[in-house]
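Chemist: Here is a sequence together with a model predicted from it:
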Amino acid sequence: MKRTKKIDLNRMRKSNAGFVLKPAALGIAAASLVGCGNSNEAYIYKSVDECVADHASKWRQCDTAYSQALSKARRDGKRFDEREKCETVYGDNSCERHSNYYTPMMMGFMFSPYHSRGYYPLYSSSYRHSPYYGRWGTLDGDYYPRSTTSTSTGKSKSSRKVTLTKKTMSRGGFGSTVSAKSSWGGSSSRGGWGG
């Protein structure tokens, strides 16, 4: 039997060099690690300006997050058939009228630059006996300290940071669907977050 001269024996030998990642695989792995590190962090803001002050390069995301949170609050917020019932929970002059019902006004929004749907409406109340008094509340009943934001002056970005709960991550703006019911006489909120 005749051997061919074109066989490269070095290429056929096992190498001790170990596993080597190609450049494309390295890039994907690095991007995955960067995205995972901050996936449960968000920031609480009262306005788009506060958000932009902390995330200047993401001003479009801040504006979009605010608009989508506002739309979500109006569409899926708790509904009351009377203004007085709404204001009992959220305080005087904090409810807006729609055709035949009232909803609380969104007082702030949660923003996460790490999620494609990183927005969430937040509520607060001036009524002492409300579950929203002195803190931020979400549609599905998660609460965050009110001290995370006050005015845009004197507050650092880190003081606005919150850690998302599993409920917020799996439902609502950072997940797929939310369903909450008001124990104050409102109807249920429904629907999922749009992209």
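Modeler: Cool, got the structure. The shown structure was predicted, so the numbers you read here are calculated from the model rather than taken from an experiment.

Chemist: tell me, how many neighbours does the residue lying closest to residue 43 once chain neighbours are set aside end up with?
Modeler: Nearest residue to residue 43, sequence neighbours excluded (C-beta to C-beta, 6 or more residues apart in numbering): residue 160, at 4.5 Å. (Each C-beta comes from the backbone N, C-alpha and C, glycine too.) Using other C-beta atoms under 10 Å, the number of residues around residue 160 comes to 22.

Chemist: now swap in residue 66 and tell me
Modeler: 24.

Chemist: From here on, call the first residue 22.
Modeler: Sounds good: first residue 22 from here, last item residue 87.

Chemist: Could you pull up the contacting residues of it?
Modeler: 66, 68-69, 72, 130, 132, 140 (C-beta atoms under 8 Å, 6 or more residues apart in numbering).

Chemist: try it again with 6 Å
Modeler: 69, 130 (C-beta atoms under 6 Å, 6 or more residues apart in numbering).

Chemist: Now do the SS call for it.
Modeler: Under DSSP: H, G, I helix; E, B strand; the rest coil, the three-state class of residue 87 is helix.

Chemist: pretty sure residue 151 contacts residue 110?
Modeler: Yes - under the criterion of C-beta atoms under 6 Å, residue 151 makes contact with residue 110 at 5.1 Å.

Chemist: ok so, going back, which pLDDT does the model give the residue nearest to residue 64?
Modeler: Note on residue 181: pLDDT of 83.

Chemist: Please report how far it lies from residue 67.
Modeler: 10 Å (C-beta to C-beta, to the nearest Å).

Chemist: Direction included, what does the helix or strand hosting residue 183 pair against?
Modeler: Here residue 183, judged by DSSP states H and E, is contained in strand 182-184. According to DSSP bridges, strand 182-184 forms sheet pairs with strand 62-66 (antiparallel).

Chemist: What residues does residue 185 make contact with?
Modeler: Residue 185 touches 61, 63, counting by C-beta under 6 Å, 6+ apart.
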